[in-house]
Each structure stands twice: as structure tokens, then as C-alpha cells.
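>>> Pasting the sequence and the predicted coordinates here, then a few questions.
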Amino acid sequence: MPAGRLPAPSDGNAARSASNALNARLDHGAFMQQDKHPDYHPVVFRDRAAGYAFLTRSTAHSDQTIEWDDGETYPVVDVEISSESHPFYTGKARTVDAEGRVARFERRYGGEGGQGAG
């Protein structure tokens, strides 16, 4: 029988024993790679511009720590912008005037018979 293939289910006992052997290897972690993933731990991200901080889980590391509301001390990572200070999420985003952009392009590069055509 080729490696990695289970026997044909013609004999119920043979299929069951092969299945049990496979499950035993899986249970013991024979196929799992150990120490592959980075340390995933609670971290506080702090947006200094908005005065906002939130606790989440991350692989980020920091030498600075902060005492959180629950009394525990967590590493803190300072970020420049978050959803509390980003213009898109705060509703303070600029809307771009498409007509103004077209007019400025035509003035600059001479649209419809302007100085740049010809």
C-alpha cells in the first residue's frame, strides 16, 4: 500500500485500526509544528493625538507599560493615528471638488484651445 493512504474499507477492522493509528499520531502532536507562532499577548494601543487608548491582543512589543482600568499592567504602544483621530472615521474628512480639479487641469494644461493645445 502506498504511504499516506488508508486501506480500502473492505475490511472494517483494518480501516478502523488505520484510522485509530492516524488519530493517535494527531493526538500526540506528531504533525503539529511547535514554537512556530510569535508570542500573542494583551497590549494597550494609545493614540496620543486623541487621548484614546484601547486594550487588545497583539504580537507588538514595547518597553513602556501602563496600568489599565482592571489594575493590571500591560505594555503600551503609542500610535500616531487611530479610529478616534482619523478624519474618515471622525467625519471631518475633506470632500474633493471634482469640477474644481478639472477646471484647474484645463487652466494649467490648456484644455479646449488653450495655450497648451497645438
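Looks like it arrived, so ask away. Numbers count the residues shown, from 1 in each chain.
>>> Which of the three states applies to Glu106?
Secondary structure assignment for Glu106 (DSSP: H, G, I helix; E, B strand; the rest coil): helix.
>>> And the nearest residue to Glu80 once chain neighbours are set aside, how far from Glu84?
Of all residues beyond its chain neighbours, the one nearest Glu80 is Ala49 (7.0 Å), with distances taken as Cβ to Cβ, 6 or more residues apart in numbering. Using the backbone N, CA and C atoms, a C-beta is placed for each residue, glycine as well. In this structure, Ala49 lies at 8 Å from Glu84, with Cβ to Cβ, to the nearest Å as the measure.
>>> try Ile66
17 Å.
>>> Equivalent analysis for Ala53, please.
Computed with Cβ to Cβ, the distance linking Ala53 and Glu84 is 9 Å.
>>> Same drill for those two, tell me which one is more crowded.
Remark: of Ala53 and Glu84, Ala53 carries more neighbours, 20 against 14, as counted by other Cβ atoms under 10 Å.
>>> sorry, back to before: shared neighbours of Ala53 and Glu84, which are they?
Common neighbours of Ala53 and Glu84, using Cβ atoms under 8 Å, 6 or more residues apart in numbering, are Asp47.
>>> For burial, what's the neighbour tally of the residue nearest to Glu80?
Per other Cβ under 10 Å, the neighbour tally for Ala49 reads 13.
>>> Quick one: classify it as helix, strand or coil.
Under three-state DSSP, the three-state class of Ala49 is coil.
>>> correct me, but it touches Ser85?
Yes: Ala49 sits in contact with Ser85 when judged by Cβ atoms under 8 Å, with a separation of 4.6 Å.
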